[in-house]
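A.B. asks: can you look at this prediction? I've put the sequence above it.
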Amino acid sequence: MKIENKAVTKELLQIDRHIDALVKQIELLSYVNPVNIEEQKERFFSSKYLKAPLFEYPSINFDKFKLHRELFTQPIELIEDPEIKNLYEDIIYAYSGLIQCIETIGDGKKFYYNCLHCFGTPTEKDVENAKFILHFEDENKSLPEFQPKYSATESEQFFKNYSRKYEFTYAIEQSDKISAIAMVLNNIKTLVLNSNHTFSDNEIAILTHHEIGVHMVTTMNGMLHPLKIFSHGFPNNEETQEGLAVFSEYMSNNLTVKRLKELAYRVIAVDSLAKGYSFSRTFRMLHNQYDLNREEAFYITVRAHRGGGFTKDYLYLTGLKKVYDYYHEGKDLSLLLTGKVTLEYTNEIQSLIYKGLAVPAKHITDAYAENKNTNKKVDFILRSLK
C-alpha cells in the first residue's frame with residue numbers, strides 16, 4: 001500500500017511500532033479475572049452471603065514503571081500531521097491509564113478510581129435507562145431455547161461451524177477462571193469458553209454473533225493496517241466494541257428482553273460501586289430486591305466488584321444505544337469494524353484510510369448484512385432509551 005508522503009513520516013511508523021511492542025502485554029481482562037471464582041462462590045454461599053469473597057488474581061509479568069516511562073518518552077512531537085499527533089497523544093494517555101488499572105488490581109479503591117478514569121461510571125440517565133428496561137416482562141425462561149444443554153466442549157463445534165462464514169482462524173480454549181461465559185482475548189486471537197457453564201441454544205446464538213461476529217472480526221481487521229493502533233485499540237474503544245457486539249445480537253434477531261435485563265442489571269451493579277456498596281450488599285440487592293437467582297446475582301456482582309471495582313460493564317448498554325442510533329441514522333457500520341476503534345473517532349478513521357495509513361474493513365459482521373430483528377418490544381425499548 002502506498003502511503004501519502006505528506007501525511008506521514010518515518011517517525012510516525014517508528015513510534016507506532018514502538019508503542020505496539022510496549023502494549024502487547026496490556027490485556028486487562030487477562031489480569032482482572034479472579035483465578036478462584038468457584039471456590040469463593042461456595043465460601044460466599046456457605047456464609048449465607050455475609051463473607052465477601054477473597055479473590056486472587058494472575059501475577060503481572062511486566063515492569064509497570066518502565067512501561068509508563070517508555071510510553072511517555074515517545075517523540076510524538078516529530079509527527080508532522082497535527083490530527084494524527086493528537087490521536088497518538090490520546091492513545092498514550094489511554095494506554096497509561098490501562099497500565100494503572102492493571103497495576104492496582106486487588107487494591108480496593110485505587111483500582112476503582114483508576115477504572116473511573118478509564119471507563120467512567122453510570123450517569124443518572126444510564127441508571128434510569130436500566131430501571132426502565134427492568135419494568136418489562138422478559139421471555140418465558142422455561143422455553144426450550146433458554147434451557148442449558150451444551151458443555152463448553154460441545155459448544156466449541158457451534159463456534160467452529162459459525163466461523164466458516166469468515167476467512168480467518170483463531171484458537172479456542174476453556175477456562176474455569178473467567179467471570180463471563182465466553183470472551184475473546186485480542187492479543188492472542190483466542191476465544192475462551194467458561195468450562196463451568198452449560199450453554200443454551202439462545203446463548204450459543206448470542207455468543208457466536210457477539211464474540212466471533214464482532215470481537216474476533218475487529219481483532220482480525222485490526223491486524224491489516226499499516227498502523228498497529230487499530231489492533232491494540234483507540235482510546236475508550238470498549239463502549240463502541242461492546243455496543244457493536246450486542247447490536248449484532250439485535251440484527252440477527254437474537255436480542256431478547258431477558259438479555260437487555262442482564263445488561264441493565266450490570267448498570268445497576270456498577271452504580272452500586274459509586275454508592276459505596278460492598279460485594280455482599282450488591283449481591284443482596286440483585287438477589288432480594290430484583291429477584292435474580294443467586295447464581296446470576298453472584299456472577300453479575302463479581303463482574304462489577306472484581307479487582308476492587310470494575311466499572312466497564314455499564315458500557316454495554318450505553319454502547320448499544322449509540323450504535324443503534326448510529327445505524328438508524330444510515331451511517332456506515334463497516335467503518336466501526338476496521339479494528340478496536342471508537343465511534344467518536346470516525347473522522348480520524350476516514351482520514352487515515354484516505355491517507356493510506358488504514359484500510360477499509362475486510363471482514364464484515366455477518367449479522368449486519370440484513371436487519372432480521374422481529375422483536376417489536378426490543379425495538380421499542382431501544383428507541384425509548386434516553
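C.D. replies: In hand now; what should we look at?
A.B. asks: F132 - how many residues pack around it?
C.D. replies: 14 (other Cβ atoms under 10 Å). Using the backbone N, CA and C atoms, a C-beta is placed for each residue, glycine as well.
A.B. asks: is it within a helix or a strand, and which one?
C.D. replies: helix 124-134 (DSSP states H and E).
A.B. asks: continuing past the helix or strand of the chain at the bottom of the mean pLDDT ranking, what's the next helix or strand?
C.D. replies: Ranking every helix and strand in the chain by mean pLDDT, DSSP states H and E puts helix 28-32 at the bottom, with a mean of 85. Beyond helix 28-32 on the C-terminal side, the first helix or strand identified by DSSP H and E is helix 37-46.
A.B. asks: so how far is the following helix or strand past that next one off the chain centroid?
C.D. replies: Sequence order places helix 64-72 as the next helix or strand after helix 37-46, per DSSP H and E. Distance, stretch centre to chain centre, for helix 64-72: 25 Å (Cα atoms, centre = their mean, to the nearest Å).
A.B. asks: just give me how far whatever helix or strand C115 lives in sits from the chain centre.
C.D. replies: Assigned by DSSP H and E, C115 falls within helix 109-119. Here helix 109-119 is found 16 Å from its chain centre; the criterion is Cα atoms, centre = their mean.
A.B. asks: and F146, how far is that from T301?
C.D. replies: Using Cβ to Cβ, to the nearest Å, one gets 22 Å for the distance from F146 to T301.
A.B. asks: who has more neighbours, the two?
C.D. replies: Per other Cβ under 10 Å, whichever of F146 and T301 has more neighbours is T301, with 28 against 17.
A.B. asks: ok, and the closest non-adjacent residue to P235?
C.D. replies: The shortest distance from P235 to any non-neighbouring residue, by Cβ to Cβ, 6 or more residues apart in numbering, is to A94 (3.8 Å).
A.B. asks: count the residues that sit near the one you found.
C.D. replies: A94, neighbours per other Cβ under 10 Å, totals 19.
A.B. asks: same check on D379?
C.D. replies: Count around D379 with other Cβ under 10 Å applied: 16.
A.B. asks: touching, E249 and L260? I think so.
C.D. replies: No - assessed by Cβ atoms under 8 Å, E249 is found out of contact with L260, at 9.7 Å.
A.B. asks: if we can go back for a sec, got the contact list for the helix or strand harbouring the residue nearest to P235?
C.D. replies: According to DSSP H and E, A94 maps onto helix 82-103. By Cβ atoms under 8 Å, 6 or more residues apart in numbering, the residues outside helix 82-103 that reach it are 7-8, 12, 15-16, 19, 22-23, 26, 28, 31-32, 60, 64, 67-68, 71-72, 74, 76-77, 79, 111, 114-115, 117-118, 229, 232-236, 307, 345, 348, 351-352, 357.
A.B. asks: narrow those residues to those that are buried.
C.D. replies: The neighbour count (16 or more other Cβ atoms under 10 Å) marks 7-8, 12, 15-16, 19, 22-23, 26, 28, 31-32, 67-68, 71, 74, 76, 79, 111, 114-115, 118, 229, 232-236, 307, 345, 348, 351-352, 357 as buried among those.
A.B. asks: for V192, what are phi and psi?
C.D. replies: Main-chain torsions, V192, degrees, to the nearest 10: phi -110, psi 130.
A.B. asks: in the helix or strand hosting F159, which residues are buried?
C.D. replies: Using DSSP H and E, F159 maps to helix 152-162. Residues of helix 152-162 classed as buried: 152, 155-156, 158-159, 162 (neighbour count, 16+ other Cβ under 10 Å).
A.B. asks: how about the strands in the chain?
C.D. replies: 171-175, 182-185, 190-194 (DSSP state E).
A.B. asks: CA atoms of the second one as CSV?
C.D. replies: The C-alpha atoms that make up strand 182-185 are tabulated as CSV, following Å, rounded to 0.1, in the frame of the first residue of the first chain:
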residue,chain,number,x,y,z
ALA,A,182,-17.1,-16.5,27.0
MET,A,183,-14.7,-13.8,25.9
VAL,A,184,-12.1,-13.0,23.2
LEU,A,185,-8.5,-12.3,24.1
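A.B. asks: list the buried residues of it.
C.D. replies: By 16+ other Cβ under 10 Å, the buried positions in strand 182-185 come out as 182-185.
A.B. asks: likewise the last one?
C.D. replies: Along strand 190-194, the positions that meet the burial threshold by neighbour count (16+ other Cβ under 10 Å) are 191-194.
A.B. asks: JSON lines for those, including distance to Y368?
C.D. replies: Shown next, in JSON lines, are those (distance: Cβ to Cβ, whole Å):
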{"residue": "L191", "distance to Y368": "20"}
{"residue": "V192", "distance to Y368": "24"}
{"residue": "L193", "distance to Y368": "24"}
{"residue": "N194", "distance to Y368": "27"}
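A.B. asks: okay, the helix holding F159 in CSV with CA atoms only?
C.D. replies: Provided in CSV are the C-alpha atoms of helix 152-162 (Å, rounded to 0.1, in the frame of the first residue of the first chain):
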residue,chain,number,x,y,z
ALA,A,152,-18.1,-26.0,26.8
THR,A,153,-16.6,-28.8,24.8
GLU,A,154,-19.8,-29.4,22.9
SER,A,155,-20.3,-25.7,22.4
GLU,A,156,-16.9,-25.4,20.6
GLN,A,157,-18.4,-27.0,17.5
PHE,A,158,-21.1,-24.4,17.2
PHE,A,159,-18.4,-21.7,17.1
LYS,A,160,-16.4,-23.6,14.6
ASN,A,161,-19.4,-24.0,12.3
TYR,A,162,-20.4,-20.4,12.6
